[in-house]
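Participant: predicted model follows, preceded by the sequence.
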Amino acid sequence: MSIQRMMASLLAIAAAGAMAVLIPASAASASVSTADAACASAWGSSTVYTGGNVASYNSHNWSAKWWTQGETPGTTDVWADQGACSGGGGNTPGTCSYPNWAQGQNYVVGNIVKYTNGQYYRATHDNPGYDPTISTWFWEPFACDGGTNPPTQGGFVVSEAQFNQMFPSRNSFYTYAGLTAALSAYPGFANTGSDTIKKQEAAAFLANVNHETGGLVYIVEQNTANYPHYCDTSQSYGCPAGTAAYYGRGPIQLSWNFNYKAAGDSLGIDLLHNPNLVQTDSAVAWKTGLWYWNTQSGPGTMTPHDAMVNSRGFGETIRSINGSIECNGGNPAQVQSRVDAYNRFVQILGTTAGGNLSC
């Protein structure tokens, strides 16, 4: 054997010996690291997670690969299992012992408080002490086992399968989970009156949403030339996000700085300074649509919600949303488009349309 080959053999043996020593040590180190991993904050069904966010569930840490809400770790590909964890915020049984909520106190994401109703809530977004039962975007119910309590509202009259049937080509941004998460902001929506009225109101809302967004395809207003026109400079608060920042967004295409402020004030979300939330957070987008539906009469004489629960007919909801342009012969084709969608949706829900469908 040549000297070169002998040296090579000796080096190979030495390297193999080094690996034999190093591999067990490395494995042991990894084992200790896995065993010692602390649980991140517990996963919340109504919390929005984006790529890289970590939450714990069933004593495992999970990392979100992309935007998600309401998708349980371990049941969908959006979550990557980071291994077992212990302690921390994992969903482990225990007894709630958290401070009382205080109005005006600053809270950060993850803070847990006991509200005046005896229930516990966890902050899902930083906030200056908003009421957990009103500002539901900032808080979620918290259970003593580290999980979240379900929303107090009963089951939505539109199932996820029916929702998908209504919007077969919808943009993935408009999630069913986002819609159902938004319902707590207006518990009377599609939850007032008889089963027929509940279904008619849900169908009416979704039919108008269908028209405004092209079947839940468009998140933002498509005519960008209009963007600079939605800043009313006569308002004392101005347009802090920029004069072209208040264009149409979301299921009802919320526009104008004063509407962003009013909706934000009602929902406990600073939309005047952060209008982009309406196009990046599905639950917020749905909440703005429900805000208009339940609180605004627009060019009409009543809110769309009142029109449906008082059996004034689908036509009155059109009048409250865009009546000055479409009703009274203004644009019959647009009105008919809304009516056609409403008729389809009540059929899917297995109910009748009622009267006064046009305006």
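Facilitator: Right, received. Where do you want to start?
Participant: for the residue nearest the centre of the chain, which three-state class applies?
Facilitator: The centroid of the chain falls nearest to residue 283 when counting by C-alpha atoms, centre = their mean (2.3 Å). Per DSSP: H, G, I helix; E, B strand; the rest coil, the secondary structure class of residue 283 is helix.
Participant: from memory it sits against residue 181, does it?
Facilitator: Yes: contact criterion C-beta atoms under 8 Å: residue 283 and residue 181 qualify, at 4.3 Å. All C-beta spots, glycine's among them, are computed from the backbone N, C-alpha and C.
Participant: where's residue 323, which helix or strand?
Facilitator: Using DSSP states H and E, residue 323 falls within helix 314-326.
Participant: who are the packing partners of that helix?
Facilitator: Contact partners of helix 314-326 among helices and strands, from 3 or more C-beta pairs under 8 Å, 6 or more residues apart in numbering; DSSP states H and E: helix 195-213, helix 304-309, helix 332-348.
Participant: picking up where we left off before, now the residue nearest to the centre of the chain: how far from residue 269?
Facilitator: For residue 283, the distance to residue 269 (C-beta to C-beta, to the nearest Å) stands at 10 Å.
Participant: need the helices for the stretch 101-250 of the chain, in chain order.
Facilitator: 160-166, 176-182, 195-213 (DSSP state H, counting those that start in this stretch).
Participant: any idea what sits nearest residue 208, other than its immediate chain neighbours?
Facilitator: residue 321 (5.6 Å; C-beta to C-beta, 6 or more residues apart in numbering).
Participant: what pLDDT does that neighbour get?
Facilitator: Per-residue pLDDT puts residue 321 at 95.
Participant: all numbers from here: first residue = 53
Facilitator: Understood, numbering begins at 53; the last thing we discussed is residue 373.
Participant: quick check: it touching residue 305?
Facilitator: No: the criterion here is C-beta under 8 Å, and residue 373 misses it with residue 305 at 9.7 Å.
Participant: which of these two has more neighbours?
Facilitator: residue 373 (27 against 22; other C-beta atoms under 10 Å).
Participant: residues contacting residue 218?
Facilitator: Residues counted as contacts of residue 218 (C-beta atoms under 8 Å, 6 or more residues apart in numbering) are 210, 258, 262, 396-397, 400.
Participant: of those residues, which is the nearest to residue 408?
Facilitator: Nearest to residue 408 among the contacts of residue 218, counting by C-beta to C-beta, is residue 397 at 16.7 Å.
Participant: count of neighbours near the closest residue in space to that closest one that isn't next to it in sequence?
Facilitator: Once flanking residues are discounted, residue 397 sits nearest to residue 255: 3.8 Å by C-beta to C-beta, 6+ apart. If you count neighbours by other C-beta under 10 Å, residue 255 ends up with 30.
Participant: contact partners for residue 255?
Facilitator: Here residue 255 is in contact with 394, 397-398, 400-401, 403 (C-beta under 8 Å, 6+ apart).
Participant: how about 7 Å then?
Facilitator: Shown here is residue 255, whose contacts under the criterion C-beta atoms under 7 Å, 6 or more residues apart in numbering are 394, 397-398, 401.
Participant: which residues of this protein score low on pLDDT?
Facilitator: 53-88, 97-103, 117-122, 127-130, 139-149, 186-189, 196-206 (pLDDT under 70).
Participant: now the strands for it?
Facilitator: In the chain, the strands defined using DSSP state E lie at 106-109, 112-116, 131-136, 164-166, 172-175, 191-194.
Participant: could these go into TSV alongside mean neighbour count and distance to residue 290?
Facilitator: Shown next, in TSV, are the strands of the chain (neighbours: other C-beta atoms under 10 Å; distance: least, C-beta to C-beta, whole Å):
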stretch	mean neighbour count	distance to residue 290
strand 106-109	23	38
strand 112-116	21	36
strand 131-136	15	42
strand 164-166	19	34
strand 172-175	23	29
strand 191-194	24	29
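Participant: got the ones you listed as JSON lines, with distance to residue 288 columns?
Facilitator: Compiled in JSON lines, the strands of the chain are given as follows (distance: least, C-beta to C-beta, whole Å):
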{"stretch": "strand 106-109", "distance to residue 288": "41"}
{"stretch": "strand 112-116", "distance to residue 288": "40"}
{"stretch": "strand 131-136", "distance to residue 288": "45"}
{"stretch": "strand 164-166", "distance to residue 288": "33"}
{"stretch": "strand 172-175", "distance to residue 288": "30"}
{"stretch": "strand 191-194", "distance to residue 288": "29"}
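Participant: closest one to residue 411 among the ones you listed?
Facilitator: strand 191-194 (38.6 Å).
Participant: kindly export the closest one (C-alpha atoms) in CSV.
Facilitator: Extracted in CSV, the C-alpha atoms of strand 191-194 (Å, rounded to 0.1, in the frame of the first residue of the first chain):
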residue,chain,number,x,y,z
TRP,A,191,-60.5,40.0,22.0
GLU,A,192,-61.5,36.4,21.9
PRO,A,193,-63.2,34.3,24.6
PHE,A,194,-60.8,32.2,26.6
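Participant: which helices and strands does that strand pack with?
Facilitator: Applying 3 or more C-beta pairs under 7 Å, 6 or more residues apart in numbering; DSSP states H and E, we find strand 191-194 packed against strand 172-175.
Participant: any idea how far residue 321 is from residue 329?
Facilitator: The gap separating residue 329 from residue 321 is 7 Å, by C-beta to C-beta.
Participant: which neighbours do these two share?
Facilitator: Common contact partners of residue 329 and residue 321 (C-beta under 7 Å, 6+ apart): residue 336.
Participant: between these two, who's got more neighbours?
Facilitator: More neighbours surround residue 321 than the other of residue 329 and residue 321, with 27 against 22 (other C-beta under 10 Å).
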